[in-house]
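Visitor: next come a sequence and a model predicted from it.
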Amino acid sequence: MRYISTRGGAPPVSFLDAVLAGMAPDGGLYVPETWPELGLSPRKVVFTHYGNVAKHTLRAFAGDDLSEDDTIELVNEAYIEAPADPHDASWRAKWPEPVTPLRQVRVGDWLLELFHGPSLSFKDVAMQLIGPLYDLALTKRDTRLSVVCATSGDTGGAAVEALKGRERIDLFVLTPKGRVSEVQRRFMTTSGAANVRVLEVDGDFDACQAIVKAMFADADFATRAQLSGVNSINWARIVAQSVYFQIAAHTYGGLGPVDFVVPTGNFGDAYSGWVAKQLGAPIGKIMLATNENDILARALNTGRYERGASKATLSPAMDIQVASNFERILFEALERDGEGVARLYAQLAQSGGFDIPPAALERLRADFAAAPVDDAETLQTMAWSAQDDAPVCPHTAVGYAARSKVVDALSQNAVVFLATAHPAKFPETVERATGAAPPLPAKCSDLFQRTEQFDSVAADADAVKQYIRERSRAWS
């Protein structure tokens, strides 16, 4: 299995090379040269353990880079084996309970709970696989990595939980100052691990993401630092996240396609659903639910992809104005025209936006619908959900509210809402909406007693590069 760049200017690479690199050297994102066939029957998907579907999916995308024994070992560590450390707040100790449970909330409506991992976020599902996958690849190649992560909240905590203490990795997390919840921040800053560095950036998430892209664009720096990234641009994240879409869709798709409602900022989770559809999952529409940072909703509804000013909202993990993974679906909508993608993204860099070609827009609308939700609607929806003794985080509430705005675009079959984070990660917002703050689960109830450690930096790529030069064990 080989991987190519969405911008067509980089040579094909193997699965492990794509995962370790994160971004292609031409600035594009890696996608498979051809889509694999999974070879799993719908019945087998539904009636086997989560780890089995993950194993087949990983093998299909990895090709010869991973043996059968490799994939079994990776999936066991990520999803099945109980951790050796009793304080490791992972779902694995609960096996064979579901990794991502489905709970019915109304007739025909289901909530996919993705927040039972160690940092209480859907990002854990992929990150817990990426940790051992990195270890395996780095051991095979006898090398180290400097892993960088820009986060609007949940990715950072999940990355810390997955990569803390790993001998061959130094993790550098960039998070926007004052733009994440206190619980989110503490999941990043309290690991106590010597290989974890958290940098509070004086800027918004888009500034953090721009710094990461600038570091990758500096070929000499990226090579000497052995740079890699675990943001949703990393192909392993997409592969792992496609698994829960497959299982949920096959579970309730016997009478027709299942529609999914996905709270989204960077488009990674929504794109993972589209990937699951390419693997044969019975998925109809994928509903993009955005907050007031609505670049994706505007792009789909108007045909104009244009960066705006980032707004601080009650759903901070979605406060994003440049959705990185949109490039991957645009590549498909343009019928894999890498040069065309490169031209459009050159326009984005120069003028802040571009018009999606009409034929590509039509293809996008065949698979996706979109609607924005403001903070008032988010609070109202959270209050409504709490009446059924089922409080949700603000991001999940955005999904509930957005679905009602595009109900005509969805089928009459089952609808699965993605619950992307535990409500306890946003206690102030939940209390504001419902009158009661949700407690942290027992496995992380001591979070506020742990010691924090982080550094503050300016929103300046050169300053962050110097920080990494001085602290990365991979630097050469």
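Guide: Looks like it came in fine.

Visitor: make it CA atoms for all contacts and neighbour counts henceforth
Guide: Noted.

Visitor: tell me where the stretch 351-476 of the chain has strands.
Guide: 353-355, 368-372, 415-419, 455-458 (DSSP state E, counting those that start in this stretch).

Visitor: need the next SSE after the helix or strand hosting residue 275, C-terminal direction.
Guide: Using DSSP states H and E, residue 275 falls within helix 268-278. Downstream of helix 268-278, the first helix or strand assigned by DSSP H and E is strand 283-290.

Visitor: give me the contacts around that following strand.
Guide: Residues from elsewhere that reach strand 283-290 (Cα atoms under 8 Å, 6 or more residues apart in numbering): 249, 253, 257-265, 270, 273-274, 277, 296-297, 318, 366-373, 398-399, 402-403, 409-411.

Visitor: the helix holding residue 275 - contacts with which helices or strands?
Guide: helix 235-252, strand 283-290, helix 326-333 (3 or more Cα pairs under 8 Å, 6 or more residues apart in numbering; DSSP states H and E).

Visitor: kindly recompute the last result at 10 Å.
Guide: Applying 3 or more Cα pairs under 10 Å, 6 or more residues apart in numbering; DSSP states H and E, one finds that helix 268-278 makes contact with helix 235-252, strand 258-263, strand 283-290, helix 326-333, strand 368-372.

Visitor: with mean neighbour count, distance to residue 190 and mean pLDDT added, can I get the ones you listed in JSON lines?
Guide: Shown next, in JSON lines, are the helices and strands packed on helix 268-278 (neighbours: other Cα atoms under 10 Å; distance: least, Cα to Cα, whole Å; pLDDT from 0 to 100):
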{"stretch": "helix 235-252", "mean neighbour count": "24", "distance to residue 190": "24", "mean pLDDT": "93"}
{"stretch": "strand 258-263", "mean neighbour count": "28", "distance to residue 190": "27", "mean pLDDT": "95"}
{"stretch": "strand 283-290", "mean neighbour count": "26", "distance to residue 190": "30", "mean pLDDT": "95"}
{"stretch": "helix 326-333", "mean neighbour count": "20", "distance to residue 190": "32", "mean pLDDT": "98"}
{"stretch": "strand 368-372", "mean neighbour count": "24", "distance to residue 190": "34", "mean pLDDT": "96"}
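
Visitor: make CSV out of these and add distance to residue 304.
Guide: Shown next, in CSV, are these (distance: least, Cα to Cα, whole Å):
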stretch, distance to residue 304
helix 235-252, 25
strand 258-263, 20
strand 283-290, 16
helix 326-333, 12
strand 368-372, 14
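
Visitor: picking up where we left off before, would you mind finding the most buried of the strands of the stretch 351-476 of the chain?
Guide: Mean neighbours per residue, mean count of other Cα atoms under 10 Å, is largest over the strands of the stretch 351-476 of the chain for strand 415-419, with a mean of 26.

Visitor: got the contact list for the spatially closest residue to residue 240 that is not a sequence neighbour?
Guide: Nearest in space to residue 240, with sequence neighbours left out and distances taken as Cα to Cα, 6 or more residues apart in numbering, is residue 126 at 5.0 Å. Contact analysis of residue 126 by Cα atoms under 10 Å, 6 or more residues apart in numbering lists 78, 158-159, 162, 230, 232, 236-243.

Visitor: tell me the mean pLDDT over stretch 403-411?
Guide: Across stretch 403-411, the average pLDDT comes to 73.

Visitor: to clarify, my last question referred to stretch 141-153.
Guide: Rounded mean pLDDT across stretch 141-153 is 90.

Visitor: how about it: buried residues?
Guide: Neighbour counts using 16 or more other Cα atoms under 10 Å place 144, 145, 146, 147, 148, 149, 150, 151, 152, 153 of stretch 141-153 among the buried residues.

Visitor: where in the stretch 351-476 of the chain is pLDDT low?
Guide: 407-411 (pLDDT under 70).

Visitor: can you pull the contacts of the closest residue to residue 447 other than its chain neighbours?
Guide: Spatial nearest neighbour of residue 447, chain neighbours left out: residue 186 (6.9 Å); criterion: Cα to Cα, 6+ apart. The neighbours of residue 186, taking Cα under 10 Å, 6+ apart as the test, are 119, 157, 180, 425, 447, 448, 449, 450, 451, 452, 453, 454.

Visitor: could you flag which of the residues you listed are buried?
Guide: Here, 16+ other Cα under 10 Å leaves 119, 157, 180, 425, 447, 452, 453, 454 buried among those.

Visitor: tabulate these (JSON lines), appending distance to residue 337.
Guide: Below are those laid out as JSON lines (distance: Cα to Cα, whole Å):
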{"residue": "119", "distance to residue 337": "38"}
{"residue": "157", "distance to residue 337": "36"}
{"residue": "180", "distance to residue 337": "37"}
{"residue": "425", "distance to residue 337": "41"}
{"residue": "447", "distance to residue 337": "47"}
{"residue": "452", "distance to residue 337": "46"}
{"residue": "453", "distance to residue 337": "45"}
{"residue": "454", "distance to residue 337": "42"}
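
Visitor: test my guess that residue 41 contacts residue 280.
Guide: Yes: at 9.2 Å, residue 41 counts as touching residue 280 under the criterion of Cα atoms under 10 Å.

Visitor: got any residues that touch both of the two?
Guide: With Cα under 10 Å, 6+ apart as the test, residue 41 and residue 280 both reach residue 250.

Visitor: next, the buried residues of the helix holding residue 275.
Guide: Quick answer for helix 268-278 (16+ other Cα under 10 Å): 268, 269, 270, 271, 272, 273, 274, 275, 276, 277.

Visitor: distance of residue 250 from residue 55?
Guide: From residue 250 across to residue 55, the span is 17 Å (Cα to Cα, to the nearest Å).

Visitor: what does residue 20 give?
Guide: Look at residue 20 and residue 55: by Cα to Cα, they are 19 Å apart.

Visitor: and the helices in the stretch 301-450 of the chain?
Guide: Along the stretch 301-450 of the chain, counting by DSSP state H, counting those that start in this stretch, helices occupy 326-333, 338-351, 358-367, 375-386, 394-405, 427-434.

Visitor: switch the ones you listed over to JSON lines; also include distance to residue 203.
Guide: Compiled in JSON lines, those are given as follows (distance: least, Cα to Cα, whole Å):
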{"stretch": "helix 326-333", "distance to residue 203": "23"}
{"stretch": "helix 338-351", "distance to residue 203": "19"}
{"stretch": "helix 358-367", "distance to residue 203": "32"}
{"stretch": "helix 375-386", "distance to residue 203": "21"}
{"stretch": "helix 394-405", "distance to residue 203": "22"}
{"stretch": "helix 427-434", "distance to residue 203": "22"}
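
Visitor: between the contacts of residue 186, which is nearest residue 5?
Guide: Closest approach between the contacts of residue 186 and residue 5, by Cα to Cα: residue 157, at 28.3 Å.

Visitor: in a strand, residue 110, correct?
Guide: Yes: applying DSSP: H, G, I helix; E, B strand; the rest coil, one finds residue 110 inside a strand.

Visitor: I figured it hits residue 413, correct?
Guide: No: look at residue 110 against residue 413 with Cα under 10 Å: they stay out of range, at 11.2 Å.

Visitor: the more surrounded of the two?
Guide: Per other Cα atoms under 10 Å, whichever of residue 110 and residue 413 has more neighbours is residue 110, with 21 against 17.

Visitor: any idea how far residue 419 is from the more buried one?
Guide: Counting by Cα to Cα, the gap from residue 110 to residue 419 is 10 Å.

Visitor: just checking, what packs against the strand or helix carrying residue 160?
Guide: Element membership of residue 160 [criterion: DSSP H and E] is helix 154-163. On a contact count with 3+ Cα pairs under 10 Å, 6+ apart, helix 154-163 meets helix 123-141, strand 145-150, strand 169-176, helix 182-189, strand 196-202.
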